[in-house]
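# My questions concern the predicted model and sequence given below.
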Amino acid sequence: PSVPAAEKHCINWKTKGKCRKGDACPYRHDHAIREKLLSRKNDKCKTAESKKKRNNVEKERQPLSVRVFGLNYDTTEADVREYFNHCGPIVEVTFPVFEDSQRSKGFCAILFQSPKAVQNAVGMNGEELHGRWLSVQAGKMYLKQWEAHLEKDQGQAEKMGDSAIIGEFGQKVKRRKKHGFN
């Protein structure tokens, strides 16, 4: 029971909505099938765009830290805390100094409690402190990362009891194998 080609639907017409052979194609080109395919493709595009929009709203990154560049070498950690205090509550200030002279290296990182405080601090970009214009950039520690980090630390603390966590984020350290005959 072989069906003649003129009665079969062209596979390209059904799946792509077009056929390269055009009128020379031995298979059937039904316009109703093409319209149905195109409407289905448009619906898929619309749902994909709406999913992208929803995902972008959920994945909006909220930084918790700022990096401050262009500090005067005479600036101290207390000066930085006082200057950025009105932005919001400060959790931590990483303030690198030279070991020999204990003076500032000219940059620092500030960890805030909320993303709103970070926005306020970034708004201070280009302002002056001790005669130097500051460059303030949103940092790379994000709210979700910080929450995950806190949960991980709490989980590890419960498992380990009173033992100390190694490293900034509690990395597990593997012992190196000694090679040789020992």
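Okay, I see it.
# Okay, now the unreliable bits of this protein?
1, 53-61, 141-147, 149-150, 153, 156-182 (pLDDT under 70).
# What segments of it are strands?
Using DSSP state E, the strands found in the chain span residues 65-69, 90-94, 107-112, 128-129, 132-133, 135-138.
# for those, which one sits closest to Glu77?
Smallest distance to Glu77 across the strands of the chain (Cβ to Cβ): 5.5 Å, for strand 90-94. (C-beta placed from N, C-alpha, C; glycine too.)
# quick one on the thing from earlier: would you list the strands of the chain in CSV and tack on mean neighbour count and distance to Asp30?
Formatted as CSV, the strands of the chain follow (neighbours: other Cβ atoms under 10 Å; distance: least, Cβ to Cβ, whole Å):
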stretch, mean neighbour count, distance to Asp30
strand 65-69, 20, 61
strand 90-94, 14, 66
strand 107-112, 20, 63
strand 128-129, 14, 73
strand 132-133, 13, 69
strand 135-138, 17, 56
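# can you redo the ones you listed as JSON lines with distance to Asp23?
Formatted as JSON lines, the strands of the chain follow (distance: least, Cβ to Cβ, whole Å):
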{"stretch": "strand 65-69", "distance to Asp23": "65"}
{"stretch": "strand 90-94", "distance to Asp23": "72"}
{"stretch": "strand 107-112", "distance to Asp23": "69"}
{"stretch": "strand 128-129", "distance to Asp23": "75"}
{"stretch": "strand 132-133", "distance to Asp23": "71"}
{"stretch": "strand 135-138", "distance to Asp23": "60"}
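# out of those, nearest to Asp100?
strand 107-112 (18.1 Å).
# how close does Glu151 sit to Val91?
The gap separating Glu151 from Val91 is 17 Å, by Cβ to Cβ, to the nearest Å.
# what about the longest helix in this structure?
As assigned by DSSP state H, the longest helix anywhere in the chain is helix 31-58.
# roughly how far is it from the heart of the chain?
Helix 31-58 sits 26 Å away from the centroid of its parent chain (Cα atoms, centre = their mean, to the nearest Å).
# so what secondary structure elements neighbour it?
helix 11-15 (3 or more Cβ pairs under 8 Å, 6 or more residues apart in numbering; DSSP states H and E).
# Identify each buried residue in the helix it packs on, please.
Of the residues in helix 11-15, Trp13, Lys14 count as buried by neighbour count, 16 or more other Cβ atoms under 10 Å.
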